[in-house]
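**Q** Quick one, structure for this:
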Amino acid sequence: MVKKLNLPTADNGQSVAATDEQLAAARAEQQPLRTLAAQKMDEEKGKSGGLVIVSATYSSCSSKRDENMKDLELDVTIPLQGQVKDSQLSLAAVSKGALPGFVEFSVLKDHVVKLKVRYKVGGGAELEKVFLDTDLVMLP
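**A** I've put the predicted structure just below:
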């Protein structure tokens, strides 16, 4: 199920509590993915070129600094690790909000939705890449 997240603004008077509830629902959706992600992480660590997602965040932030706008961030480390296949992460060039454990951020004027991923390949140094929401994601 895709959860639409309507970000609060000073203009529409929407409460931040509703946003927090939607983020909590996305986090709850991640719970069943934990076992699969842990299993995949163990498999990847055992491979010589295994891809391990160290951390990942999916966020919507204002491109303009406005104190009335709240930047929103969701930890998506577990859902992304679950998407790793054959030591590669490949996500299509569409909004990532429809993925399990993610939330669909509504498009707001002056907001940018990003996916930030910190990862290791084969036990090497941590690397980091940032993708816009609809970018093609290919790691490593």
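**Q** which residue packs closest to residue 29, ignoring adjacent ones?
**A** Counting by Cβ to Cβ, 6 or more residues apart in numbering, residue 29 lies nearest to residue 101, which is 5.3 Å off, once chain neighbours are set aside. In this view, the C-beta of every residue, glycine as well, is placed from N, C-alpha and C.
**Q** all strands of the protein, in order?
**A** Here the chain has its strands, by DSSP state E, at 4-5, 51-62, 72-75, 89-91, 104-105, 111-121, 127-132, 137-139.
**Q** ok, residues contacting the last one?
**A** The set of residues that contact strand 137-139 without belonging to it, under Cβ atoms under 8 Å, 6 or more residues apart in numbering, is 51, 88-91, 96, 115, 117, 119, 129, 131.
**Q** Check these against residue 62 and report the nearest one.
**A** residue 115 (17.1 Å; Cβ to Cβ).
**Q** Touching, the closest one and residue 128? I think so.
**A** No: at 11.4 Å, residue 115 does not count as touching residue 128 under the criterion of Cβ atoms under 8 Å.
**Q** more neighbours, these two?
**A** Higher neighbour count among residue 115 and residue 128: residue 115, with 21 against 11, using other Cβ atoms under 10 Å.
**Q** where's residue 94 relative to residue 87, distance?
**A** Going from residue 94 to residue 87 by Cβ to Cβ, to the nearest Å gives 23 Å.
**Q** ok, these two, which is more surrounded?
**A** Neighbour totals were compared for residue 94 and residue 87, and residue 87 leads with 17 against 12 (other Cβ under 10 Å).
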